[in-house]
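*Asks:* What follows is a predicted protein model with its sequence.
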Amino acid sequence: MTADPAIIQGGMGVGVSDWRLAGAVARAGGLGVVSGTALDAVLARRLQTGDRGGHLREALGAFPFPDVAERIIGRYYRVDGSGAGQSFRPVPRLGLRPNRTRDELLVAANFAEVFLAKRGHDGWVGVNYLEKIQLATPAAVYGAMLAGVDYVLMGAGVPAGIPQLLGSFAAGRPGEIGVNVDGAPAGAAFSVRLDPREVFGVAPILRRPRFLAIVSSHVLAAYLARDELTRPDGLVIETPVAGGHSARPRGPSQLDETGQPVYGPRDEPDLAKLRQLGLPFWLAGGHAGPDQLCAAQAAGAVGVQVGSVFALCRDSGIAPQVRQAALAEARAGQLVVRNDPAASPTGFPFKVAELAGTIATEPVYSARQRICDLGYLRTPYLTPQGKVGYRCPSEPVDAYVAKGGAREETVGRRCLCNGLTATVGLAQSHPDGYLEPALVTLGQDLSFLRALPFDHDDYTAGDVVRYLTGNQAHNATLTDPLGTTQR
């Protein structure tokens, strides 16, 4: 692999961009990207539902620390798949305090997802993380690197510490990143660290993956590129219509008549200034067509990152009934995707598809009893006693307020952790029988569906790559996980 791929498949949701989707994109010649969000919970729940096909147990069988793999299988695997429809066993919560059980699961889960995505071909595989979930990053990244991940992508914040983290792990050293703690005095420093020797007894030399920072402006790109310690290997430039989280508008804060943030000229990336940085870059958000790819390359980009067209394909991790419902409404022109300024507990605008039966709709949202049992988007904060606590504006309101949070910050917040996990068929069933509802995130530009030259209901990731690139994506002979040779 001597050249960067023209097509990057977005790292979407919790398990939407799973190993099947990423592997299919990579086999077709694009950069297949697995979502690294909450992979510890995804692995644990998949094992509890029986690990159909045995893929995860196969991946754990290749994990370089067999005793760790055996403990994880023994703790979570249910041969009869009895986890389906029952309460899933919880995984250790993220936190600043060291927790070997938690770190082992995070490392193994990220290893397994990347291992499976890379199996049977020689294409590119990346992993996508959220800067907001800092507490998981070192262990998650280390697991992906153990599996030989080719690219690490990160957005939803300022990922300044990732280049050093990758370099440390590649050299066999401990890896560490800083952690933001609300209310901490100036000069106070908090961090989360993984020392492979402490957890696994050894720290092998690893291949360093390339790092792509996902940003929304040339300003942040220039900030990261100014110093070798923070300089990424490339950039993904997202527009506000891209799925998932968006940057806040850089202009005056205002909402339109539908309650969505208003973006203006200051939010448009200056491509001339991006080219001056000397870093390869990709454009993302509303670029799911061959004409958009050509236009991006004419503007100096290597290519494009696209998400929604892959999220709605047959290889996606979205539960089939949810995917088909979204496709049906989108084809009919009835699917509304809002850039909701309140939905995400991170405080960043977040795209929610207003699909019937999901927590994006008011009746389902109002009927759900607030609970914070996964906690990936909890924010560390300093208590009056000087200790670090954790809070989330999507948790029960009284609990959030008791932790020093403002009541108004809880209004309209959705539980992204549970909603996104439910979208891929891993919904938690609570003791009272309540099943967590799904939450679907897509890009706001779904016009690509009308242009697709194949069946909108049942297309593959390979169809998408070939459509975007004009069948010139990848001419190497590849082998899929089932052993079938294809061109």
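*Replies:* Here it is on my side, so go on.
*Asks:* Report back the residue of the chain that's furthest from centre.
*Replies:* In terms of distance from the mean C-alpha position of the chain, Gln385 ranks first, at 34.4 Å (CA atoms, centre = their mean).
*Asks:* so how far is Gly183 from that residue?
*Replies:* Distance of Gln385 to Gly183, given as CB to CB, to the nearest Å: 12 Å. Where you see a C-beta, it was placed from the backbone N, CA and C, and this is true even at glycine.
*Asks:* same thing with Leu235?
*Replies:* Going from Leu235 to Gly183 by CB to CB gives 32 Å.
*Asks:* Also Ala422?
*Replies:* In this structure, Ala422 and Gly183 are 32 Å apart, going by CB to CB.
*Asks:* swap in Gln164?
*Replies:* Distance from Gln164 to Gly183, counting by CB to CB: 26 Å.
*Asks:* ok, now Ala26?
*Replies:* To Gly183, Ala26 is 43 Å away according to CB to CB.
*Asks:* Ok, Ile359 next?
*Replies:* Distance check for Ile359 against Gly183: by CB to CB, it reads 30 Å.
*Asks:* and these two? which has more neighbours close in?
*Replies:* Neighbours per residue (other CB atoms under 10 Å) separate Ile359 from Gly183, with Ile359 holding more: 27 against 13.
*Asks:* Which parts of the stretch 151-300 of the chain are strands?
*Replies:* All strands of the stretch 151-300 of the chain, identified by DSSP state E, counting those that start in this stretch, fall at 151-155, 175-178, 191-194, 210-215, 234-238, 281-284.
*Asks:* partner strands of the fifth one, parallel or antiparallel?
*Replies:* Going back to what we said before, that points to strand 234-238. Take DSSP bridges as the rule and strand 234-238 pairs in its sheet with strand 210-215 (parallel), strand 281-284 (parallel).
*Asks:* how about the longest one: buried residues?
*Replies:* Applying a neighbour-count criterion of 16 or more other CB atoms under 10 Å, one finds 210-215 buried in strand 210-215.
*Asks:* likewise stretch 439-453?
*Replies:* Residues of stretch 439-453 classed as buried by neighbour count (16+ other CB under 10 Å): 439-446, 448-449, 452.
*Asks:* can you tell me which of these are in helices?
*Replies:* Secondary structure from DSSP state H places 448-449 of the buried residues of stretch 439-453 in helices.
*Asks:* residue ranges with poor pLDDT in the stretch 251-400 of the chain?
*Replies:* For the stretch 251-400 of the chain, no stretch is flagged by pLDDT under 70.
*Asks:* Where is the longest helix in this protein?
*Replies:* The single longest helix within the chain, with elements called by DSSP H, is helix 100-118.
*Asks:* what packs against it?
*Replies:* helix 19-28, strand 31-35, helix 39-48, helix 55-61, helix 66-76, strand 124-130, helix 137-146, helix 196-200 (3 or more CB pairs under 8 Å, 6 or more residues apart in numbering; DSSP states H and E).
*Asks:* now what about the second one, what contacts it?
*Replies:* With contact meaning CB atoms under 8 Å, 6 or more residues apart in numbering, strand 31-35 is reached by 5, 7-19, 21-26, 113-114, 117, 123-128, 150-151, 153, 461.
*Asks:* neighbours around Leu435, how many?
*Replies:* Around Leu435 there are 11 residues (other CB under 10 Å).
*Asks:* Let me know whether it touches Ser429 as I believe.
*Replies:* Yes: assessed by CB atoms under 8 Å, Leu435 is found in contact with Ser429 at 5.2 Å.
*Asks:* quick one, helices of the stretch 351-487 of the chain?
*Replies:* Under the criterion DSSP state H, counting those that start in this stretch, helices of the stretch 351-487 of the chain are mapped to 362-367, 397-402, 416-423, 448-451, 461-469.
*Asks:* Check the offset of the third one from the chain's centre.
*Replies:* Taking CA atoms, centre = their mean, to the nearest Å, the mean C-alpha location of helix 416-423 is offset from the chain mean by 12 Å.
*Asks:* average pLDDT across it?
*Replies:* The predicted model assigns helix 416-423 a mean pLDDT of 97.
*Asks:* and that helix, what other elements does it pack with?
*Replies:* Using 3+ CB pairs under 8 Å, 6+ apart, the elements in contact with helix 416-423 are helix 39-48.
*Asks:* Let me see the residues that make contact with the helix it packs on.
*Replies:* With contacts defined as CB under 8 Å, 6+ apart, helix 39-48 is touched by 14-15, 18, 56-57, 72-73, 75-78, 81-84, 88-89, 91-92, 102, 105-106, 108-110, 112-113, 136, 140, 374, 421, 424, 426.
*Asks:* Would you mind listing the buried residues in it?
*Replies:* 39-48.
*Asks:* Equivalent analysis for stretch 293-308, please.
*Replies:* Across stretch 293-308, burial judged by 16+ other CB under 10 Å covers 293, 296, 301-308.
*Asks:* And these, which two are furthest apart?
*Replies:* Pairwise distances across the buried residues of stretch 293-308 peak at 20.4 Å for Val302 and Ser308 (criterion: CB to CB).
*Asks:* ok so, going back, need the buried residues of stretch 439-453 in TSV with pLDDT and distance to Glu408, can you?
*Replies:* What follows is these, written out as TSV (pLDDT from 0 to 100; distance: CB to CB, whole Å):
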residue	pLDDT	distance to Glu408
Leu439	97	22
Val440	97	27
Thr441	96	24
Leu442	95	28
Gly443	93	29
Gln444	93	26
Asp445	91	32
Leu446	91	32
Phe448	90	38
Leu449	90	38
Leu452	90	43
